[in-house]
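>>> return a 3D structure for these sequence lines:
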Amino acid sequence: MNQSTSNIIAFLIGSIPIIYLSWRSLGSTKNHGFFRFFAWEIILWLLVINIRFWFKDPFSWHQIISWILLLISIYPVIDGVYRFKAAGRINHERKDTTLFDFEHTTSLITTGVYRYIRHPMYASLLYLTWGIAFKNPSVIILIYAEAATIFLYLTVRVEERENLTYFGEEYRQYMKRTKRFVPWLW
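Residues are numbered from 1 along each chain as shown. Purely as a prediction, here's the structure:
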């Protein structure tokens, strides 16, 4: 089996859980899960085509950048999930079936990593995307990484509309104090 065939098979197998998690969101571009699906798929594709470069030339400039971004990607998701579980107060009466259970929160979380960025889990995916891309940076890889970044951006734009609808002025004020992905920058 050649490398291209192996990549396609790995991608298709990896897509199964992504499709399973996303199928309810794929019917509407008004749901943040629609755009998240495409970001996840692109990140998966980047991983599949770059996995063979994971440890190649480990002290090159791009590998060092890659490892830094991959390590940075761990903190936002861990702290974000912890804060969700500790303070999110899940409301099972929220009827949006496109949301995951933990997204049915009734409390706006503004502590920990949420004090600085509104979307730590998507920030983690952003850092992961670029960490994977820098394993083997090339024009096509960087185009894929940029596409994933655009889909993550679209995801949070839609999610912010959803949050403004649900949390109102409290979320609007929170948006003024925080950045989307990178503290103090973006």
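
>>> let me see the residues that make contact with the helix or strand residue 76 falls within.
With the criterion set as DSSP states H and E, the secondary-structure element containing residue 76 is helix 74-87. Contacts of helix 74-87 with the rest of the structure, by Cβ atoms under 8 Å, 6 or more residues apart in numbering, involve 102, 105, 107, 109, 111-114, 117, 120-121, 123-124, 127. Glycine gets a C-beta too; all of them are placed from N, C-alpha and C.

>>> which element, helix or strand, includes the residue lying closest to residue 125 once chain neighbours are set aside?
Spatial nearest neighbour of residue 125, chain neighbours left out: residue 152 (6.0 Å); criterion: Cβ to Cβ, 6 or more residues apart in numbering. According to DSSP H and E, residue 152 maps onto helix 139-167.

>>> flag every buried residue along that helix.
With burial defined by 16 or more other Cβ atoms under 10 Å, the residues of helix 139-167 counted as buried are 141, 144-145, 147-149, 151-156, 158-160, 162-163, 167.

>>> ditto for stretch 4-13
Judged by neighbour count using 16+ other Cβ under 10 Å, the buried positions of stretch 4-13 are residue 10.

>>> list of residues touching that stretch?
By Cβ under 8 Å, 6+ apart, the surrounding residues in contact with stretch 4-13 are 1, 44, 45, 48, 49.
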